[in-house]
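*Asks:* Here is a sequence with its predicted model. Questions after.
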Amino acid sequence: MSPAMHQRPKGTIWRLLATARPVLPRLVLATLAGALAAACGIGLMATAAWLLSRAAQHPPVLALGVAVVAVRGFGLFRGFARYAERLGGHDAALRVLGILRSQSYAGLVKQVPGAAISRGDTLQRFASDVDSGQDILVRVLLPYAAALLAGCGAVVLVAALLPAGGVTLAAMLVVVCFAAPAAQQALARRAQVRTAPLRAEMMSQTVELLHALPDLTAYGAARGRLDRLEDVDRRLRAAHARTSTGVGVGNAVVVLAGGACVWGALALGASAVATGRLDEVTLAVVVLTPLAVLDVVAGLPEAASTFTVARQALLRVHAIADHPDPTPDRAVPEPLPTGPYHLRVENVTARWVHHGPPALAGLSLDLPPGRRIAVVGPSGCGKTTLACLLVRFLDPVAGRISLNGLDLRDLAGDDVRRVVSLMDEQVHCFDTTIEGNLRVGRRDATESELWGALRQARLAEWVSGLPLGLRTLVGEHGSRLSGGQRRRLALARVLLADTPVLVLDEPTEHLDDDTAAALTADLLAAASDRTVVLITHRGFGLSDVDEVVRLTAE
Amino acid sequence: MCVVLGMGWAVLALAQATLLADGLTGGGGLAGLRPVLVPLALVVAARAAIAWAQDVTAHRAAASAKSELRERLLTHVVRLGPGWLTGERSGALATLATKGIDALEGYFARYLPQLVLAIIVPVVVLARVLPADLIAGVTILVTLPLIPLFMVLIGLGTAEASRRQFRYLEKLSHHFLDVVVGLATLRVFGRARAQTQTIAAVTDQYRRLTMRTLRLAFVSGLVLELLATLSVALVAVGIGLRLVDGSLDLRTAFLVLILAPEAYLPLRTLGSHYHASAEGLAAAAEVFAVVERPPPRRGVETAIPASATITLDRVSVRYADRDTLGLADFSLTLAPGEVVALTGPSGVGKSTVLAVLLGFVTPASGSVRIGTQHLSDVDIEVWRQSIAWLPQAPRLVAGSVGDNIRLGRPDASDIAVREVANSFVDELPDGLDTIVGDDGRGVSAGQRQRIALARAFLRGAPVLLLDEPTANLDADAEARAVAAIRRAAAGRTVLLVAHRPAVLALADRVIVLEAPGPPRHSDDAALAAT
């Protein structure tokens, strides 16, 4: 939690509302329905209080007619208004979610892969963070707006009967809606600071136990790990017990404020009746209305804590969207030259973080058409940075990369990737069919082109043996394929895209030696007359390239 | 504790209502109200204290329930062992053991205490209202049970439909995740921008489907609110009319009016907590599904001969999630002191042979014998003490390099560790004290391999199982590792899984596994190595 994240809490809400502008009328309607539901609850109690007081004076039944109808009407209406609020609110929030997803996705497109987001789990978190916009609308903004609207109405009603009663009711609203949540948050944060390190330890030890279980079991160390976990758990429970005293303060304050308000209304009302400033019949209205208001606002402290969590998520989304485009295209990019393509890296220095250490410094490479080079070196020497530079996921800070003499920065990024394609370590298999994954490479490929690519990737035999063939589902992240099959599918895809230049970044990472050697040989054979940059830290395929370039870590 | 507090809460609600009714009907200005105002202040304070105590106990109870559940889950997973816990499952279980169980907070800290209130409060309230005003009491008594009844009926009626919808919704939500995670790939192929429209379209479809589900799901909320509020309204109108004809006094009337909503309130709150707890309950169901899984049968025999012939007799292994056999009809005799290498294409079950010997997987048929004892009869933990295993993908634990090498012998001296670790620890920045991050972060693949080899050597066990011992090593390091294995093999029984000639050359005997069909034996190591 950085200090910057605590600044300007309003910024998040305004920005969310700006995003929500097209559905604002729906949101307002849902809020009104919610306020109506709350008002029904308050109105029911206020009218009933008046009804009883008046009835005790034994008037003709007809004099009570309006009140009786009103009480029944409020009772009947509340449920329907609430139903309308929930349905309308969810509908509006889901519409906003659609806008938010497209918007944040568009913001994300230019960032990936990049310094802000590099790993799969960051992206995974991004996807769920976006959903928090919906939470804020449905579970925080709507209930707050509806309860406050109805609450203010009640304040006006009570103040009209007894001004001092209106003041106590308004004070209760402020305490329950704002002061109690604030106190609750402050205490929760303090508790968080004490338990967070233990929670993190518990988390990492749990993950380690499960991940390393084979090794731990074989070496008789699993039980020892369980004991260690139990120890962390004991300490965590103790920390929880110490901090839990602060947890219930929010609720206690709500009960106390509500009770104090009713107490005050009774004392003020009774003395007002004694001095004749208040009609005896309306005393009950002044005293019992706060009870109904309390019922309406009691859920708000919980909504406020939802907000704290959801806001952090939304701030992360905004932070990513606000990141400047690392590879901005010119207003009018140069048209893509025609092939054959000659790619040159000229004394290039690049960094991922502004003012950060260079990830690559002073590199030059000459890649005439059909040239095959291998780039080797230890991890951290800038191999992946080079791959990102070649497909223009990143621009150099010094030197230049040129395609047939044109600086890549003068070309549109999408055009560059029409010439230079990349198959990297983190190749992603989408959770769809083999065919669907292949068509990511080229949407309009014919069936025979699909099979041709599969043949070149040496996957055709396997696919044709599958009962569903091309329509076989590959599972989440390609989980139904072996590591080797996943790479071969990615290879077929990149071959289908048919770019003259191919960058292969650690294409055999995490594969066993046999599979890696066979795959590298097939990769180079399938690339045939294309320009190839093979980036690797393993020794395979080095004898099949024209040149081996060694990078050293800075 | 929870029940006592709930009782206290309900009784204080009665007291508050009684005092308020007294206050409203007492008259006589402030002075006359003093007997009401002082106790009322005390009651309010006591209610606040109980609300606080309820939250504190609920959170503590939730914390211990979660930690107990987590402990039971992890202990049982350790008992089920690595044979059950495959790679992909370990990721899902890690999520379940951390985030999944944390989601139970909503169930234990909010839903359960509210459930207790929802039972206690209406009973206490009715006990007061029924004698005060029979008709109002009966109205509440009749309508109150209707709420859970209707909700269950509606729930049953819509369960199948909403389950189907939610499954589909999950799929749509998953699509967004899939696209976001694969964004770099989409960008490479110039397909990223086109996805913006797809996402908008998919999310809109998601919305329409969700709304269809919610229209049904919210009906139960509608019925709840309708019954609760309408009942209060009916009670209020009823007592109002009975006041007019004088069959009821005003004090009782106010008492009933204040208490009637109190009877319904816990049920209404319970309804709003229900969805928050559903996620946690789903996690709990998953935890129980794991915990109730029977652990593998464990032998009791602890007297295992230190050096005995190990025999695998026509062993087949079947993995639950695969169609083909993990190992088919495999036989092998390992004499004490012998070095045997297994080789063959990937997927034929070389590593499975090692897993069988480690007791990670139980053969579907065939038998494994240590000397004359069946492996299924011996205490597997005792047997594992005589094995040192180098897995294909060794996993390191967070700590120092020394800690990792000592995994199987925590009390080994630095000198002993240095002896097995060879020269490579000297190349590390802090030698044996070099820190290894979570999952071996900060250590290269080659260093990881060498740490794992040193770990196996330090174990000092009579049986060595080495799975691709020189993977990820360059030629120099491989030569040193092979020499080290040769030294370690003296006087030990060694089973190697290997492809590289340098490693195969270590073996007295090379067995080539082929899929499918029985393995072909070869006594000539040199032949197989070419």
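*Replies:* Right, received. Where do you want to start?
*Asks:* C-alpha from now on. contacts and neighbour counts both.
*Replies:* Will do.
*Asks:* Please list the residues of the stretch 401-550 of chain A that sit near chain B.
*Replies:* A:414, A:417-418, A:421-422, A:427-431, A:440-442, A:476-477, A:497, A:512-514, A:538 (Cα under 8 Å from any Cα of the partner chain).
*Asks:* Now that we have those, which of them are buried?
*Replies:* A:414, A:417-418, A:421-422, A:427-431, A:440-442, A:477, A:497, A:512-513, A:538 (16 or more other Cα atoms under 10 Å in any protein chain shown).
*Asks:* give the contact list for the nearest residue to A:Q456 once chain neighbours are set aside.
*Replies:* In space, and not counting its chain neighbours, A:Q456 is closest to A:A526: 5.5 Å by Cα to Cα, 6 or more residues apart in numbering or on different chains. Residues in contact with A:A526 (Cα atoms under 8 Å, 6 or more residues apart in numbering or on different chains) are A:Q456, A:A457, A:L495.
*Asks:* Low-confidence regions, the stretch 401-530 of chain B specifically.
*Replies:* Scanning the stretch 401-530 of chain B for pLDDT under 70 picks out the ranges B:439-442, B:515-530.
*Asks:* For chain A, give me its nearest residue in it.
*Replies:* Of all residues in the stretch 401-530 of chain B, B:G408 sits closest to chain A, at 4.7 Å by Cα to the nearest Cα.
*Asks:* which helix in chain A runs the most residues?
*Replies:* Identified as the longest helix of chain A according to DSSP state H is helix A:65-109.
*Asks:* Are it and chain B in contact anywhere?
*Replies:* Yes. Residues of helix A:65-109 contacting chain B under Cα under 8 Å from any Cα: A:68, A:71-72, A:74-80, A:82-83, A:86-87, A:90-91, A:94-95, A:97-99, A:101-102, A:105-106, A:109.
*Asks:* which of those count as buried?
*Replies:* A:68, A:71-72, A:74-80, A:82-83, A:86-87, A:90-91, A:94-95, A:97-99, A:101-102, A:105-106, A:109.
*Asks:* just so I have it, where are all the strands in the stretch 201-350 of chain A?
*Replies:* A:343-350 (DSSP state E, counting those that start in this stretch).
*Asks:* how about the helices in it?
*Replies:* A:213-218, A:222-247, A:249-274, A:280-297, A:300-322 (DSSP state H, counting those that start in this stretch).
*Asks:* Any idea which of the ones you listed has the lowest pLDDT on average?
*Replies:* Ranked by mean pLDDT, those bottom out at helix A:300-322, which scores a mean of 83.
*Asks:* Which strands and helices lie in contact with that one?
*Replies:* Helices and strands touching helix A:300-322, by 3 or more Cα pairs under 8 Å, 6 or more residues apart in numbering or on different chains; DSSP states H and E, are helix A:9-19, helix A:65-109, helix A:120-135, helix A:142-161, helix A:180-211.
*Asks:* Do you know the pLDDT at A:R189?
*Replies:* A:R189 is given a pLDDT of 83.
*Asks:* Could you report the neighbour count for A:E447?
*Replies:* By other Cα atoms under 10 Å in any protein chain shown, the residues close to A:E447 number 10.
*Asks:* next one: B:A49
*Replies:* B:A49: 19 neighbours (other Cα under 10 Å).
*Asks:* Now it. Nearest residue, chain neighbours left out?
*Replies:* Leaving aside its sequence neighbours, B:A49 is closest to A:A252 (6.5 Å, by Cα to Cα, 6+ apart).
*Asks:* How many neighbouring residues does that neighbour have?
*Replies:* Counted with other Cα under 10 Å, the neighbours of A:A252 add up to 23.
*Asks:* quick one: it and B:Q54 touch, right?
*Replies:* No. Taking Cα atoms under 8 Å as the definition, A:A252 is not a contact partner of B:Q54, at 9.6 Å.
*Asks:* what residues are up against the spatially most central residue of chain B?
*Replies:* With distances taken as Cα atoms, centre = their mean, B:L96 lies nearest the centre of chain B, 2.6 Å away. Counting by Cα under 8 Å, 6+ apart, B:L96 touches B:A283, B:E286, B:V287.
*Asks:* Need the CA coordinates for stretch A:22-30. CSV is fine.
*Replies:* As requested, the backbone C-alpha atoms of stretch A:22-30 are provided in CSV (Å, rounded to 0.1, in the frame of the first residue of the first chain):
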residue,chain,number,x,y,z
PRO,A,22,-23.5,6.4,-20.6
VAL,A,23,-25.5,4.5,-18.0
LEU,A,24,-25.8,7.3,-15.5
PRO,A,25,-29.6,7.6,-16.0
ARG,A,26,-30.0,3.9,-15.2
LEU,A,27,-27.8,4.3,-12.1
VAL,A,28,-29.9,7.3,-10.9
LEU,A,29,-33.1,5.3,-11.4
ALA,A,30,-31.7,2.4,-9.4
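*Asks:* And that stretch, what's buried?
*Replies:* Taking 16+ other Cα under 10 Å as the criterion, stretch A:22-30 shows A:V23, A:R26, A:L27, A:V28, A:L29, A:A30 as buried.
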